[in-house]
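# This is the structure alone, sequence omitted:
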């Protein structure tokens with residue numbers, strides 16, 4: 001029993017894993033602070049005018065938001081709560097709206113920064129910065145493929161075009177509002193790839209950046225909302241860490257019982 005507890009804790013007792021709750025917190029702050037909504041409006045400005053525009057917006061926002069949180073769970077909870085109701089209201093069928101949100105969120109663990117790459121890199125002693133760089137092009141290609149599939153389905157099912165006239169009238173304002181959100185992935189990736197800070201430090205920078213902007217600059221988050229945000233991000237982080245801890249115990253049992261050699 002004592003060994004089991006030690007193995008559970010030992011599996012997640014790593015400094016680099018601190019980035020997981022910080023990235024989750026950054027995503028929660030962006031969601032509650034309206035930064036994710038500003039990304040949606042910017043994406044609508046860029047690709048919203050074509051047929052199936054909201055579906056294209058869904059994919060593009062997942063690419064941008066995944067470049068901050070590195071988590072499919074955070075991506076789905078933030079983007080889905082905004083876009084799924086909007087898509088259904090605009091005439092998309094609910095199964096498609098849910099499916100495109102779930103599928104596009106899979107870019108979160110691929111487009112850097114990625115929590116999965118952090119875990120893999122720390123376990124195998126591989127450069128996390130190199131893993132991030134390696135995931136960039138596949139992540140973008142995955143987004144392009146999803147957009148091509150959306151184009152085909154949108155034309156086949158005659159999905160509506162979004163009315164972007166009001167959006168285009170405010171194009172400059174929408175772009176300026178989205179700049180703080182768009183800068184975050186650049187700060188994170190630039191800092192990691194240049195060696196200015198580690199992935200764990202990058203995650204804390206992202207969380208502090210989102211906190212300062214939403215609470216003190218934009219003032220879209222009230223102090224009384226912070227406990228709810230901290231609890232929500234803590235629950236999402238705990239879900240990931242519990243899986244990692246149990247996987248560590250499972251691996252230890254396999255090794256102790258010499259299962260790989262027997263197989």
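Done, it's in. Everything numeric here is computed off the predicted structure, so don't read it as measured data. Numbering: from 1, shown residues only.
# what helix or strand does the residue positioned nearest the centre of the chain sit in?
Centroid check for the chain by CA atoms, centre = their mean gives residue 66 as the closest residue, at 3.2 Å. Here residue 66, judged by DSSP states H and E, is contained in helix 53-69.
# Mind checking what helix or strand follows that helix in sequence?
With DSSP H and E, the next secondary element past helix 53-69 is helix 72-89.
# which residue ranges form the helices in this protein?
Using DSSP state H, the helices found in the chain span residues 2-10, 19-32, 35-47, 53-69, 72-89, 94-104, 115-124, 128-157, 165-169, 171-193, 199-212, 226-256, 259-262.
# could those go into a markdown table alongside distance to residue 218 and mean pLDDT?
For every residue, glycine as well, the C-beta is placed using N, CA and C. Below are the helices of the chain laid out as a markdown table (distance: least, CB to CB, whole Å; pLDDT from 0 to 100):
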| stretch | distance to residue 218 | mean pLDDT |
| --- | --- | --- |
| helix 2-10 | 39 | 85 |
| helix 19-32 | 11 | 90 |
| helix 35-47 | 8 | 88 |
| helix 53-69 | 16 | 88 |
| helix 72-89 | 16 | 85 |
| helix 94-104 | 25 | 93 |
| helix 115-124 | 26 | 87 |
| helix 128-157 | 27 | 92 |
| helix 165-169 | 20 | 77 |
| helix 171-193 | 8 | 88 |
| helix 199-212 | 10 | 92 |
| helix 226-256 | 15 | 91 |
| helix 259-262 | 53 | 88 |
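# who touches stretch 112-121?
16-17, 19-20, 23, 67-68, 70-71, 108-109, 126-128, 131-133, 135-136, 139, 188-189, 192, 199, 202-203, 240, 244 (CB atoms under 8 Å, 6 or more residues apart in numbering).
# Apply 7 Å and report the result again.
For stretch 112-121, contacts defined as CB atoms under 7 Å, 6 or more residues apart in numbering pick out 16, 19-20, 23, 67, 70-71, 109, 126-128, 131-132, 135-136, 188-189, 192, 199, 202, 240, 244.
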